[in-house]
Structures are given as C-alpha cells and as structure tokens.
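A.B. asks: Fold the following.
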Amino acid sequence: MDEYGHAIGMMAGGMVHASMNFYLDLTLPLRVFKTLQSGERITRGTIQGTWTLEDPATCAARGISRETIDKSGNTGLLIAYQIVSKGPSDGQIQEGDVLLEVEGEKMGSLVQFEHLLDHRVGKKITIRRLRHGHEGQAVVLVQDLFGITPFRLLQFAGDVFHDVRLQFALMWNLPINGVYLPVGMGCFEGIQGVIHSVDHQPTPDFMAFIDRRYIVGDRLRAEKKEETLTYLDGKKFVVSYKPVSATQMSQKIVVPWITQVARTPSPEVMCAKQSDESFDAQEKNIATFVRVKTYPTAY
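C.D. replies: Numbers count the residues shown, from 1 in each chain. So this is what the prediction gives:
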C-alpha cells in the first residue's frame, strides 16, 4: 500500500533471507471486481502465445530501427516470445515478431494487450507486426481461455486422463490436442505424456478418447459386461504417445488389458462446469458407459 492507504500491488512471493519481494499489478484483479459488481461474465482471451516487453536499449540491440522505437514512446515494445503450434497465431505470428499495433492501438504494456484480448473473445483482431525490418499484418482469432482450459477428467482403468492445458503446450512446445496422462498407474503404467492414438485410432481430443467409436470406448462399455471381461483379459492394444521428457519423439507401448483393473468401479467423468455442452450433445452415446459428475465453478 502507498502512503495514502491505497492498494498498489499484490505480493506474489519473496525470499526470507534476502530483502527481495515480488509484486503483481492490480489492474487485472480490479477489472475482475468491477466485472463482478456489474453482474457480467468474466472473460479471458488468448491467441496462444507469450510475449515480453523489452526496453528501448534491448530493442535497439535486436536491430529495431530508432524510428520504430521512438514511435512507441520509448516505453518499450512487445516481442513475441513463444507461439503454440497449430494455435490461432501459428502461421500469422512468429517468435521474435514485434507487435507495433493491435486493432489500431499502440501496445505499450502487457496489461494493455491482455485487456484488449479479454474484450475481443470470439472475434478476430488485426495486428501490425515488424519482422526482419519489414512491416506486415496478421489477422488472428481470439479464443476463450476458459474454453480451452481443461474442466473435466476421466477416471478409467486405474488412471486419470484430461485435455492438454495451454501451460503444458507452452512448456513442451506442443499443440493443444491429444489426451494428457500425468502418471500411468493402472493399465497405462509407464506412460507419462500426451496420447494421440489407441490401437491406431486417433484420439485428437478428450471426447474422441472416450467415444465408443474408439477402442477405449469399447473397453469402457465392457466393464459393465462380465461375459466380455474374460475375453478381454490378457488382450493387448497399442498406445502411441509423446512423452513429456522428449515431446518431439512419438513412442508406442503395448498395454495389456487386466481383468482386475477392469473390475474397478465404473469409469467417471468429473466436470467442473454446471453444463457440459459436448456431453449433452452426445449423451445417448456416452451416458451408457460413463458416469458424469459435475462440480460448480466461479466462472
């Protein structure tokens, strides 16, 4: 707080044995409070990328002209740091691109850029960028960050599966597709990574993984049929995945189907939303072999 008693920052962390603390800007929390007071829905936009605000000296070292730096008001320039493969920015923006203007506005801070994205969810924005000394224009769709954030998980065969998070995609340089298995403890023991096919059937997303059209769906339904369990016992199927330790490599593992694991309680999908539209649309196909539990969230 300042000398007048106004909150000017939020302490995010510090070091006990050193006079060092880290503070967060209060612009975003203030917007959240005002949005809640007005009764509106909180929105968060993303174009699946990360950005850095570099000072004029660093920009000059990058080879950016003095004229471009002066036009920014000497506050620094936003530089594209990382772009998620197959995301809305892929092919439009490259790492190292300088963001000169977004929707005709000069971007002087990360807060300003995030604020603009939050108010353009579901719309396309026009970005004027600088790449290797040449200006260009990119049109990018702003996605709903909540929409691509995993809000459901599947408990099945002694393991837990869910969609790939944006943070994981940035960390491992992967697109947001496939099904993520944190730690294989049951039938999928030994796997830690992103599963993209089962028995050579692609699993591009969570719904495809549990859909009855794929091999996993067949085994899910088999858990309710005792006569089928004996047939499946000892059978094997091939799982293709990308391990977190080497995401550029695709590996395969033969997974045995074990009756003991199959006899665990029926698979459950836990949702963190009051309504899951994708489940509602396929209720007839999925509700026959998956129990859905829903938990409320704040948004």
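
A.B. asks: if I look at Met20, how far off is Gly13?
C.D. replies: Using CB to CB, to the nearest Å, Met20 is found at 9 Å from Gly13. C-beta here means a position set from N, CA and C on the backbone, and glycine is covered the same way.

A.B. asks: tell me which strands and helices the host helix or strand of Leu116 is in contact with?
C.D. replies: Element membership for Leu116 (DSSP states H and E) is helix 110-118. If contacts are counted by 3 or more CB pairs under 8 Å, 6 or more residues apart in numbering; DSSP states H and E, helix 110-118 sits against helix 27-38, strand 45-46, strand 49-54, strand 98-102.

A.B. asks: repeat that for 7 Å
C.D. replies: Judged by 3 or more CB pairs under 7 Å, 6 or more residues apart in numbering; DSSP states H and E, helix 110-118 is in contact with strand 45-46, strand 49-54.

A.B. asks: Would you reformat the ones you listed as CSV and include distance to Thr68?
C.D. replies: Below are the helices and strands packed on helix 110-118 laid out as CSV (distance: least, CB to CB, whole Å):
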stretch, distance to Thr68
strand 45-46, 26
strand 49-54, 12
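
A.B. asks: Could I get the buried residue list for stretch 145-164?
C.D. replies: 145-146, 148-164 (16 or more other CB atoms under 10 Å).

A.B. asks: Okay, now the unreliable bits of the stretch 101-250 of the chain?
C.D. replies: Within the stretch 101-250 of the chain, the segments meeting pLDDT under 70 span 211-236, 247-249.

A.B. asks: so where do the strands sit in it?
C.D. replies: Counting by DSSP state E, counting those that start in this stretch, the stretch 101-250 of the chain has strands at residues 105-106, 124-131, 134-141, 143-144, 152-156, 159-163, 179-181, 193-198, 201-202, 236-243.

A.B. asks: Looking at the ones you listed, spot the one closest to Ser65.
C.D. replies: strand 124-131 (8.9 Å; CB to CB).

A.B. asks: burial of Ile47, as a residue count?
C.D. replies: Ile47 has 26 neighbouring residues, counting by other CB atoms under 10 Å.

A.B. asks: Look up how far Ala157 lies from it.
C.D. replies: Applying CB to CB, the value for Ile47 to Ala157 is 36 Å.

A.B. asks: Mind splitting this structure into its structural domains?
C.D. replies: Listed by automatic domain parsing, the domain ranges of the chain are 1-41, 43-144, 152-294.

A.B. asks: Gln192 and Thr50: what is the separation?
C.D. replies: For Gln192, the distance to Thr50 equals 24 Å [CB to CB].

A.B. asks: try Glu135
C.D. replies: On the measure of CB to CB, Glu135 and Thr50 end up 22 Å apart.

A.B. asks: what residues are up against Leu99?
C.D. replies: 78, 80, 107, 127, 129 (CB atoms under 7 Å, 6 or more residues apart in numbering).

A.B. asks: surely the third one meets Leu78?
C.D. replies: So that's Met107. Yes - under the criterion of CB atoms under 7 Å, Met107 makes contact with Leu78 at 4.9 Å.

A.B. asks: Please enumerate the shared neighbours of these two.
C.D. replies: 99, 113.

A.B. asks: Would you mind saying which of the strands of the stretch 101-250 of the chain lies nearest Lys71?
C.D. replies: Across the strands of the stretch 101-250 of the chain, Lys71 has its closest neighbour in strand 105-106 (7.7 Å, CB to CB).

A.B. asks: Would you point out which residue is most central in this structure?
C.D. replies: The chain has Leu166 as the residue nearest its centroid, 2.0 Å off, counting by CA atoms, centre = their mean.

A.B. asks: What separation do you get for that one and Thr75?
C.D. replies: Per CB to CB, Leu166 is found 27 Å from Thr75.

A.B. asks: Which of the helices and strands packed on helix 110-118 sits closest to Ala208?
C.D. replies: Ala208 lies closest to strand 45-46 among those, at 22.9 Å (CB to CB).

A.B. asks: what packs against the closest one?
C.D. replies: Partner elements for strand 45-46 (3+ CB pairs under 7 Å, 6+ apart): helix 110-118.
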